[in-house]
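Participant: Prediction below, plus the sequence it came from.
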There are 2 protein chains.
Amino acid sequence: MHIASGNARAVLSFLYTGLMNAPRTARERARAELTREILAAARRQLGEAGAAGLSLRSVARELGMASSAVYRYFASRDELLTSLLVEAYSEIGEAAIEADRPEAAPEARWLAVWRAVRAWSLANRHEYALMYGTPVPGYAAPHITAEVAGRMPLTLARIVADAGRAAVLRPLTGPECDPAAIDPAMLVLLEGEAFTPEATARLILAWNRLVGVIGYELHGHLKNVTADDAAFFDYAARSEGANLGLPFTWPTVPDGG
Amino acid sequence: MHIASGNARAVLSFLYTGLMNAPRTARERARAELTREILAAARRQLGEAGAAGLSLRSVARELGMASSAVYRYFASRDELLTSLLVEAYSEIGEAAIEADRPEAAPEARWLAVWRAVRAWSLANRHEYALMYGTPVPGYAAPHITAEVAGRMPLTLARIVADAGRAAVLRPLTGPECDPAAIDPAMLVLLEGEAFTPEATARLILAWNRLVGVIGYELHGHLKNVTADDAAFFDYAARSEGANLGLPFTWPTVPDGG
DNA sequence: CTCAACAGAGAGCGCCGCTCGCTAAAGTGA
DNA sequence: TCACTTTAGCGAGCGGCGCTCTCTGTTGAG
């Protein structure tokens, strides 16, 4: 689990004092273990029933302890849920990073990462919903998870940047984004990768597409709309890649409308 | 309220027997009125606290009646929520339709509809979440709402189709979608508008983009990412319109990466 | 006028998140 | 070693939830 970053530790104090520092005393070891067990049970129940069906009481029941005892480890149900959220961001980011083969062609890398993110999401739909669905009411997540939440889109950025350095990017076509629409902080974040504002805008759209198409598939919006979700997803991936200048190839298509 | 369609009436029996048939007896009139009042109170509470914070008991309390009495009107909380969902789909569809000026240029129509949908969504974020966020666990919505849920994307389709009939569409460029990926039912639905599978695929993506960018904005995923959400949204609209062949104009952009 | 359909109330079931006060054990410093 | 603090866990309990059931009074139809 790659959690952490200073902010996260500050807010999720219960979790991290238990998990991060190498446990020395027996009490600390027991605490770390139980914390992990609670998280594991919660994760299981999240996978089965979704966030709405996850209750602290049932987690406690599964672990054979009083529900009130769980509050020694997580200050609230929301904090438990936030921990699972961080875990989910971490996992989907890792799935993206692991799927990326920097030695391969940029189109292949791009498609592989997209597919890996989709595969993880289909296998972890409730975790996906936690990240990209309706936010849980009392959640403190946004700023906590910024670093870990950025790993997946940053993996996409790296592929485009590598292609740029290899000078295989096509010139960008189509409407242009007002550079002022992009947050300077975002440009700073991508500084090492030398992204123009226009490329940044398109990267944001690509990330949004990746998340959006998966969401549509998971939430049933593609029912009676698409017949082959995987093929449609690949199409979306290629379309977004090409929009960023990745050298995807395609035959000429006739007029639409 | 444009609810209805056969399916909806069958499933949401409580609601529609109360609302649809012109009330004759005093009892029927009272029932219709109370049904509306319950829906209105629920809508208010949804707008304030979101779906998670909406309880049948608090609705009953607001209306000064026993919570058990509400069950005479809605069989369950889920059914009440589903009614609100149908209402939301109807409203966002109407917002799209009303914003569309068929006599205007297709690019202007396209942008106007996108902006209207965004405006409605920003003003009704919890209703938006009901439609496009994480689905509520026990909801029966999908097939019920098919007709009414289709109005918004169909408005987008009509603009493109009109542009096609007026022969102002540009040839489509970029990667091509495997026609087999699109559900034939979707093509039938757009039959009157003479959509090719390729145009249909791009329309689905445009609809997905519209929903996705708004979702990102509402759920905070654009924080520290974009600086001017409205401008970025317009950019997404133009980008998707151009991808469908709508004659948006843009200057040539330099290389990205 | 009779009788069935119906609306509403209230009690109650088993959940839920969360709090509080208590006990017993574990760790700590003199 | 022993007093003292910190901690883990428990059980009772609060108010709220969705939902069911039974009972009563009213409305509308034949």
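Facilitator: Alright, I've got the coordinates. Keep in mind it's a predicted model, so treat the numbers as computed, not measured.
Participant: can you tell me the helix or strand for the residue in chain A that DNA strand D sits nearest to?
Facilitator: Of all residues in chain A, A:S68 sits closest to DNA strand D, with a separation of 2.8 Å (C-beta to the nearest atom of the strand). For glycine as for every other residue, the C-beta is placed from the backbone atoms N, C-alpha and C. A:S68 belongs to helix A:67-70 when assigned by DSSP states H and E.
Participant: Any buried residues in that helix, and which?
Facilitator: Judged by neighbour count (16 or more other C-beta atoms under 10 Å in any protein chain shown), helix A:67-70 contains these buried residues: A:V70.
Participant: Give me the mean pLDDT for the helix or strand just after that helix.
Facilitator: Downstream of helix A:67-70, the next assigned helix or strand under DSSP H and E is helix A:77-99. Helix A:77-99 shows a mean pLDDT of 96.
Participant: where exactly do the strands run in the stretch 151-257 of chain A?
Facilitator: Secondary structure of the stretch 151-257 of chain A by DSSP state E, counting those that start in this stretch: no strands are present.
Participant: Point out where it drops to low pLDDT.
Facilitator: A:251-257 (pLDDT under 70).
Participant: can you rerun that using 50?
Facilitator: A:253, A:255-257 (pLDDT under 50).
Participant: now swap in the stretch 1-150 of chain A and tell me
Facilitator: A:1-18.
Participant: Pull up the residues of it that are close to DNA strand C.
Facilitator: A:25-28, A:54-58, A:67-68, A:71, A:75-78, A:138 (C-beta under 7 Å from any atom of the strand).
Participant: Make a PyMOL selection of whichever of the residues you listed turn out to be buried.
Facilitator: Buried residues among those (16+ other C-beta under 10 Å), as a PyMOL selection:
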select buried, chain A and resi 54+56+71+77+78
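Participant: filter the residues of the stretch 1-150 of chain A next to DNA strand C down to the ones near chain B?
Facilitator: Among those, not one lies near chain B by C-beta under 8 Å from any C-beta of the partner chain.
Participant: which stretches of the stretch 151-257 of chain A form helices?
Facilitator: A:151-165, A:184-189, A:197-218, A:229-243 (DSSP state H, counting those that start in this stretch).
Participant: Please save the CA atoms from the shortest one in CSV.
Facilitator: In other words, helix A:184-189. In CSV, the C-alpha atoms belonging to helix A:184-189 read as follows (Å, rounded to 0.1, in the frame of the first residue of the first chain):
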residue,chain,number,x,y,z
PRO,A,184,-1.0,27.1,-13.7
ALA,A,185,-0.5,24.6,-10.9
MET,A,186,-1.3,21.9,-13.4
LEU,A,187,1.3,23.2,-15.8
VAL,A,188,3.8,23.2,-13.0
LEU,A,189,2.9,19.6,-12.2
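Participant: okay, the helices of the stretch 151-257 of chain A, which one's buried deepest?
Facilitator: helix A:197-218 (a mean of 24; mean count of other C-beta atoms under 10 Å in any protein chain shown).
Participant: Quick one: distance of that helix to the chain centre.
Facilitator: 12 Å (C-alpha atoms, centre = their mean, to the nearest Å).
Participant: for that helix, packing partners?
Facilitator: On a contact count with 3 or more C-beta pairs under 8 Å, 6 or more residues apart in numbering or on different chains; DSSP states H and E, helix A:197-218 meets helix A:106-123, helix A:125-132, helix A:151-165, helix A:184-189, helix A:229-243, helix B:197-219, helix B:229-243.
Participant: So A:S58 sits against A:R44, correct?
Facilitator: No: contact criterion C-beta atoms under 8 Å: A:S58 and A:R44 do not qualify, at 10.5 Å.
Participant: what about the residue lying closest to A:R170 once chain neighbours are set aside, distance to DNA strand C?
Facilitator: Spatially, and ignoring its direct neighbours in sequence, A:R170 is nearest to A:G245 (4.6 Å; C-beta to C-beta, 6 or more residues apart in numbering or on different chains). Between A:G245 and DNA strand C the computed distance is 47 Å (C-beta to the nearest atom of the strand, to the nearest Å).
Participant: Would you agree A:G245 is in contact with A:L172?
Facilitator: Yes: using C-beta under 8 Å, A:G245 is in contact with A:L172, at 5.5 Å.
Participant: Specify the local secondary structure of A:T134.
Facilitator: Secondary structure state of A:T134, per DSSP: H, G, I helix; E, B strand; the rest coil, is coil.
Participant: which ones are touching A:V117?
Facilitator: A:92, A:95-96, A:99, A:152, A:210, A:214 (C-beta atoms under 8 Å, 6 or more residues apart in numbering or on different chains).
Participant: same thing but 6 Å
Facilitator: A:A96 (C-beta atoms under 6 Å, 6 or more residues apart in numbering or on different chains).
Participant: now it: how far from A:A96?
Facilitator: Relative to A:A96, A:V117 is positioned 6 Å away (criterion: C-beta to C-beta, to the nearest Å).
Participant: list the contacts for A:P153?
Facilitator: A:W207.
Participant: same thing with the one 4 residues further on?
Facilitator: Contacts for A:A157 (C-beta under 6 Å, 6+ apart) come out as A:190, A:193, A:203.
Participant: hmm, try it at 10 Å
Facilitator: Taking C-beta atoms under 10 Å, 6 or more residues apart in numbering or on different chains, we find A:A157 in contact with A:150, A:189-190, A:192-193, A:195, A:199-200, A:203-204, A:206-207, A:244.
Participant: Pretty sure A:L187 sits against A:P197.
Facilitator: Yes: contact criterion C-beta atoms under 10 Å: A:L187 and A:P197 qualify, at 6.5 Å.
Participant: who touches both of the two?
Facilitator: A:P179.
Participant: From DNA strand C, how far out is the closest residue in space to A:G50 that isn't next to it in sequence?
Facilitator: Counting by C-beta to C-beta, 6+ apart, A:H126 is the residue found nearest to A:G50 once chain neighbours are left out, at 4.5 Å. The gap separating A:H126 from DNA strand C is 15 Å, by C-beta to the nearest atom of the strand.
Participant: what about A:H126, neighbour count?
Facilitator: 22 (other C-beta atoms under 10 Å in any protein chain shown).
Participant: is it true that it touches A:E48?
Facilitator: Yes: using C-beta under 10 Å, A:H126 is in contact with A:E48, at 8.2 Å.
Participant: Which neighbours do the two have in common?
Facilitator: By C-beta under 10 Å, 6+ apart, A:H126 and A:E48 have these common neighbours: A:L54.
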